[in-house]
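[1] what follows is a predicted protein model with its sequence.
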Amino acid sequence: MTTAPARAQILLVEDNPGDVVLTQEALSEAKVANDVHVAVDGEEAMRFLRRGPGYEDAPRPDLILLDLNLPRKDGREVLADVKGDPELRRIPVIVLTTSAAEQDILHTYDLHANSYVTKPLDIGDFLEAVRQIEGFWLELVRLPDEE
């Protein structure tokens, strides 16, 4: 059952340029056509999501890929803001981070992350992980329509 829109809108919140390029590469080969929007820190992510200055015409993401260790406003704060906002809380947030610390995993699920994925160190494994996230969240799962 494919329930994703014609072009899925993905917000990638990531400050590592190499991980941005790899994630975009993996998503460019996806079965579901998508537009990837990048925010390099948590403050920029929230401006995008709330259509603040510079992002007045930003689309509502169908999926957020969120790193935890970000400058200016870390991923935990972004996650708390998103899940605490009635207009944003239904957007699936997938934490995609280098941390495998149990406290990070527990804390992000306490903040209502939809899933937690530790970034593989191997480039091929990283690309495959992103493809699997895309396949699950944009092909298999039924996402809510924008309100």
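    Nice, thanks for sending it over. Please read these numbers as outputs of a predicted model, since none were measured by experiment.
[2] hey, what's the residue positioned nearest the centre of the chain bridged with?
    Residue closest to the mean C-alpha point of the chain, counted by Cα atoms, centre = their mean, is residue 65 at 1.5 Å. Per DSSP bridges, the residues bridged to residue 65 are residue 12, residue 94.
[3] low-scoring stretches of the chain, by residue?
    Applying pLDDT under 70 to the chain flags residues 1-5, 146-147.
[4] mind listing what the residue nearest to the centre of the chain touches?
    10, 11, 12, 13, 14, 23, 94, 96, 130, 133 (Cβ atoms under 8 Å, 6 or more residues apart in numbering). Yep, even glycine has a C-beta here, placed from its N, CA and C like the rest.
[5] next, format these as TSV and append neighbour count and distance to residue 88.
    Listed next are the contacts of residue 65 as TSV, based on neighbours: other Cβ atoms under 10 Å; distance: Cβ to Cβ, whole Å:
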residue	neighbour count	distance to residue 88
10	26	15
11	25	11
12	23	16
13	31	13
14	27	18
23	26	21
94	20	15
96	25	18
130	26	22
133	22	19
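[6] could I get the buried residue list for stretch 64-80?
    Going by neighbour count (16 or more other Cβ atoms under 10 Å), the buried part of stretch 64-80 is 64-68, 70, 73-80.
[7] what does stretch 93-106 give?
    Within stretch 93-106, the residues that count as buried by 16+ other Cβ under 10 Å are 93, 94, 95, 96, 97, 99, 104, 105.
[8] contacts for that stretch, please.
    14, 23, 63-69, 75, 79, 82-83, 108, 112-119, 129-130, 133, 137.
[9] strands of the protein, residue ranges please.
    Here the chain has its strands, by DSSP state E, at 8-13, 34-39, 63-66, 93-97, 115-118.
[10] which of these sits closest to residue 143?
    With Cβ to Cβ as the criterion, residue 143 lies closest to strand 63-66 of those, at 7.8 Å.
[11] distance between that closest one and the chain's centre?
    When distances are taken as Cα atoms, centre = their mean, to the nearest Å, strand 63-66 is centred 1 Å away from the chain's centroid.
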